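Chemist: Return atomic coordinates for the entry below.
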Amino acid sequence: MATLDQKSPNVLLQSLCCRITGKSEAEVAHQFQYAVRVIGSNYAPTIERDEFLVSEKIKKELLKQRREADAALFSELHRKLQTQSVLKHRWSVLYLLLSLSEDPRKPSSRALPRDAHSTPFYCTRPQSLALGYSERGAGLSASVGTSGISSLGVYTLNGPTPTPQSLLAGQPPQSAAGAAQPLGSRLAWTLPVSCSPSSALALPAARPALGPPAPSTRVVRPRRDGEVSEAALVRDILYVFQGIDGKFIKMSAQDNCYKIDSKVVLCKSLRDTSSRLAELGWLHNKVRKYTDARSLDRAFGLVGQSFCASLHQELKEYYRLLSVLHSQLQVEDEQGVNVCSESSLTLRRLLVWMYDPKVRLKTLAALVDFCQGRKGGELASAVHSYGKTGDPQMRALVQHILSLVSHPILNFLYRWIYDGELEDTYHEFFVASDPNVKTDRLWHDKYSLRKSMIPSFITMDQARKVLLIGKSINFLHQVCHDRTPPGKITPASTSADTPKDGEWTGSDRCAYRSPALSSPFDAEEERAAELLSDLEGAFQEKIDAAYFDTSKYLLDVLNRNYLLLEHLQAMRRYLLLGQGDFIRHLMDLLKPELVRPATTLYQHNLTGILETAVRATNAQFDNAEILKRLDVRLLEVSPGDTGWDVFSLDYHVDGPIATVFTRECMGHYLRVFNFLWRAKRMEYTLTDIWKGQMCNAKLLKTMPELSGVLHQCHILASEMVHFIHQMQYYITFEVLECSWDELWNKVQQAQDLDHIIAAHDVFLDTIISRCLLDNNSRSLLNQLRAIFDQIIEFQSAQDSLYRSALEELTLRLQYEEKKRKREEEGQWGVTAEQEAEEKKRIQEFQDTIPKMRSQLRILTHFYQSIVQQFLVLLMSNPDESLRFLSFRLDFNEHYRDRAGPGPASSRLDALHVEMMSCLGGGEPAFWYRRRSPSDDITADGSSDVGATLDHGLPD
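Modeler: Presented below is the predicted three-dimensional model:
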């Protein structure tokens, strides 16, 4: 027993008192009793529990005493202590050492207990207090409220703090008198329960106080005739605290405040104190009016109802405090305690005790004003922003309210990201759904973010991920017809703190069923508080895990079941002319059809040709699912159009892949195909022109009068071939291949479907812009189309020239053959009439040559002037690749020299110098071999077109 006594808390506490005071056990009896009462009370320091600040204060105290060595030693020992887990409450130990180090002989501005609670507390409320509301009639539970209003001492008091003798005037709870009363254990330490004025005054004499001496009596000011007593004012104030008009203090509708009747005789100090206390009634009415008005408003939503519930909870704790005060007043009335005694309930004591509740009610009233007109996520944002304060207690209050307010939002969020369900009747969640949107536009238009409803504690990136998660689940179910349960796509929770035997409920997936939790509401509040306290940790991990799992599964389904990547490659091969052998063979097969007027074409004939081209080329090895989507499309016919102008390939998309290849995207593909098809036609046309020149060059050697015209044709054809080759190189390599490589890399690295759609849109926008199909390049496109028209016109002119020349050559050969036969027969070769007729016909043909030459000269002039304008536009374009294209098109300054003196030439000169400076050189260093047109003339007077075409090739 002796061993047990030595280890008991009482013995250890008594030994500590003896060691601190240096006295014997008999001499420290009073100090020991007071220490027991202090330890058994709810005293709590008003400073923040910051270990670093306490250690710094200890070091400062050592430095003030010029003990630098001790300060360094303390710092080192504290550092070592932090690295070990021996003590769990290091802050408490340091705070105790700091408190013990204070010199008791120095005068203190704060009376003990300096950290005592300022207001009493009852665990049960007497039924005799009529509060005027139906819910106030029920007895209060014995559990401590969660809001903390009844934790009365959360703020440091600015007003006077009662001394231990005045606060602790009653008997200790161990006494029979204290135990006989139905008061809570905490109130038994603060308010007298069974005492008389004499006993209240005798207690300080029997037991000396440790703090500064307190007066045992107070001077009572004589009352004037008709003056209201302080006890009557106290009773009125308690009613005002509940929002009920008292006998002397009533609500003034004009001034919107509680005022004391001007006819009441009252001294100025009591009137001022009563006015200050009456503010609590006004604050209570403000909060109560808001909750009563919005609690029955169904349109306020679940978040608003949670906000009202949190305010009700705070008011309930406030009513608990009023019950304690009213009960104390009843005890005083029953026992006849004088208002002047040390244990009575006075206005000054009320002013001190109600300081903290007043601060909390002010916070609630300000919060009510700030949240007016808000609902849903916007309301949660308002509460969250109001908690950004340096006051830890106010921050704790707002955080508690926020944990309740945010619970419906987290409930919406978890049902959305784990089930894809959105039951937002009152439009409070930040994800909005449009029920009128059809399935084919589900991904793009059905779900969106309500930015005003995104809570401020959820980042925009988190909100975007939340939207994508639920949208992906619905897309899988409604569009992809994937019946995989959501639980297999994304586990409900992978957090380590999830109870093993817990499970999500059917209606609330953010609360766990666990035997450890006292109630579902407590579980919900606890989970919400945990997530709000770790928004960048556990909450972020849950969002990221659901986001990556759902997005990965969706992309796998699209690639595996719907061949998304294969369709993307098919667009490149067929609509962007990437399958070269197929496109070339298709043009060869279509040429007889497309040269006809557009009105004479039939789609089924062209479809048959398309299938023939597929079977004859490597396109036949493509997936059948892709080939069946490839089709022919005829554009709207305009007067004078040929088959070349209206023909187009088409690619049918439906189902999930139509989410990526939307109608807008397919329209862009159609525009790009028409542009590429026209450019490919120019290349095809120039190939035919070159073939005609090669085939007819030797046949027409016998007609020397055509050498100049033919040379002019060869030179113009060479210019056109160079231009088209450079344009094709630019389009194929610098635009299509580079953009496709970027797209493919982004698709391979995409984390969700939105990334693929965004990359695809960027790809289309890039090729639309660089192929001169956007609005900013309209003038360039018009010039380029004019150049294409000149090539077609040149083909017609050259065909007409060769047709006339070949007809003339045929007639001359027939004339010579006829002449030879007659000579063989021994007759004259020709008669004078036939010779004159032949000369006349030859003369007529020769007379047409100047007209042909003039036509070619005009055609050449128009072509070169259009190219010069095109080059000027290219050089002034902000796109660097287009500016370098102009340099390649005029690599030898041919068009600048042809421009002659004038604005166009000056502009070309200036831009050429600018391009040279961009290349880093002073003098022009050409990449290509400069040749003069005379270098391409052969010995027989014809032009070597093969050599001429070499203009565009590097050495």
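
Chemist: Quick one: list the elements packing against the host helix or strand of I417.
Modeler: When secondary structure is defined by DSSP states H and E, I417 falls within helix 407-419. Using 3 or more CB pairs under 8 Å, 6 or more residues apart in numbering; DSSP states H and E as the contact criterion, the neighbours of helix 407-419 among helices and strands are helix 301-335, helix 376-386, helix 460-478, helix 486-489, helix 520-533, helix 538-561. C-beta here means a position set from N, CA and C on the backbone, and glycine is covered the same way.

Chemist: repeat that with 6 Å
Modeler: Packing contacts for helix 407-419, counted by 3 or more CB pairs under 6 Å, 6 or more residues apart in numbering; DSSP states H and E, involve helix 301-335, helix 460-478, helix 520-533.

Chemist: Relative to the helix or strand following that helix, what are the paired strands and their orientations?
Modeler: Stepping forward along the backbone from helix 407-419, the first helix or strand reached (DSSP H and E) is strand 431-433. Here strand 431-433 has these sheet partners by DSSP bridges: strand 447-449 (antiparallel).

Chemist: Any chance you could list what contacts the partner strand?
Modeler: Taking contacts as CB atoms under 6 Å, 6 or more residues apart in numbering, the residues outside strand 447-449 that touch it are 430, 432-433, 463, 467, 471.

Chemist: Using TSV, please lay out those residues together with neighbour count.
Modeler: Compiled in TSV, the contacts of strand 447-449 are given as follows (neighbours: other CB atoms under 10 Å):
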residue	neighbour count
F430	26
A432	15
S433	15
A463	21
L467	19
K471	25
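
Chemist: Need the max-distance pair from those.
Modeler: Of all pairs drawn from the contacts of strand 447-449, the widest gap by CB to CB lies between S433 and A463 and measures 15.0 Å.

Chemist: about what we covered before: select, out of the helices and strands packed on helix 407-419, the one closest to F74.
Modeler: helix 520-533 (32.5 Å).

Chemist: tell me how far the helix holding I417 is from the chain's mean position?
Modeler: Here the centre of helix 407-419 is set off from its chain's centre by 18 Å, with CA atoms, centre = their mean, to the nearest Å.

Chemist: Using CSV, write out every CA atom in that helix.
Modeler: These are the backbone C-alpha positions of helix 407-419, laid out as CSV (Å, rounded to 0.1, in the frame of the first residue of the first chain):
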residue,chain,number,x,y,z
HIS,A,407,-21.1,17.5,-46.3
PRO,A,408,-23.9,17.6,-49.0
ILE,A,409,-21.3,18.8,-51.6
LEU,A,410,-19.0,15.9,-50.7
ASN,A,411,-22.0,13.6,-50.9
PHE,A,412,-22.8,14.8,-54.4
LEU,A,413,-19.1,14.6,-55.4
TYR,A,414,-18.6,11.0,-54.3
ARG,A,415,-21.8,9.7,-55.9
TRP,A,416,-20.7,11.5,-59.1
ILE,A,417,-17.1,10.2,-59.2
TYR,A,418,-18.0,6.6,-58.1
ASP,A,419,-21.4,6.0,-59.6
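
Chemist: Quick one: mean pLDDT for it?
Modeler: When the per-residue pLDDT values of helix 407-419 are averaged, the result is 90.

Chemist: Quick check: which element contains G246?
Modeler: Assigned by DSSP H and E, G246 belongs to no helix or strand.

Chemist: Isn't it up against R235?
Modeler: No: shown here, G246 and R235 do not form a contact pair, counting by CB atoms under 6 Å, at 7.3 Å.

Chemist: So for these two, which residue has more residues nearby?
Modeler: Between G246 and R235, counted using other CB atoms under 10 Å, G246 has the larger neighbour count: 23 against 18.

Chemist: and M453, what does it touch?
Modeler: Taking CB under 6 Å, 6+ apart as the test, what M453 contacts is 376-378, 430.

Chemist: I626 too?
Modeler: For I626, the contacting residues are A570, by CB under 6 Å, 6+ apart.
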